[in-house]
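> Okay, predicted coordinates and the sequence, questions at the end:
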Amino acid sequence: MDGEKRQGPRSPAIAEVSFDHKGLRFQGRINDLSPGGMYIDTINPLPEGSSIGFQFSLPGDASESPISGEGRVV
């Protein structure tokens, strides 16, 4: 194996995302999604193990409700 930690295939996706860490809000862009994670491209990378809360909407989604959740930087 090549050290890959992903548990599912990633799908390309482009969406703006906001995420919170220790009371601070950051912005980034999601480049891909999977059932167990996402890659956020940001100028404010956080250390591995950091806990975040996130919120985003997928392009073309007619829903008024953004997707939100909590995650950990790996």
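Nice, I can see it. Numbering: from 1, shown residues only.
> contacts, neighbours, all on C-alpha from now
Noted.
> Could you pull up the mean pLDDT of stretch 34-54?
Taken as a whole, stretch 34-54 has an average pLDDT of 93.
> which parts of it are buried?
If you call a residue buried by 16 or more other CA atoms under 10 Å, then stretch 34-54 has these buried ones: 37-40, 51-52, 54.
> what about it, how long is it end to end?
15 Å (CA to CA, to the nearest Å).
> circling back to that earlier point, which of the buried residues of stretch 34-54 sits closest to Pro66?
Proximity of those to Pro66 (CA to CA) peaks at Phe54, which lies at 9.9 Å.
> quick revisit: specify which member of the buried residues of stretch 34-54 is nearest to Glu16.
The shortest gap between Glu16 and any of these belongs to Ile40, at 9.1 Å (CA to CA).
> which SSE is the closest one in?
strand 37-41 (DSSP states H and E).
> Can you show me the strands along this structure?
11-21, 24-34, 37-41, 51-56, 67-72 (DSSP state E).
> Quick one: list the elements packing against the fourth one.
Other elements packing on strand 51-56 under the criterion 3 or more CA pairs under 8 Å, 6 or more residues apart in numbering; DSSP states H and E are strand 11-21, strand 67-72.
> same thing with the shortest one?
Contact analysis of strand 37-41 by 3+ CA pairs under 8 Å, 6+ apart lists strand 24-34 as its packing neighbours.
> Look up the closest residue to Ile40, ignoring the ones flanking it.
Of all residues not flanking Ile40 in the chain, Ile30 sits nearest, at 4.5 Å (CA to CA, 6 or more residues apart in numbering).
> for that neighbour, what are its contacts?
13-17, 38-41 (CA atoms under 8 Å, 6 or more residues apart in numbering).
> Okay, and the beta partners of it?
Ile30 has these beta-bridge partners by DSSP bridges: Ala15, Ile40.
> same deal with Gly71?
For Gly71, the beta-bridge partners under DSSP bridges are Ile52.
> ok, it - contacts?
Neighbouring residues of Gly71 by CA under 8 Å, 6+ apart: 51-54.
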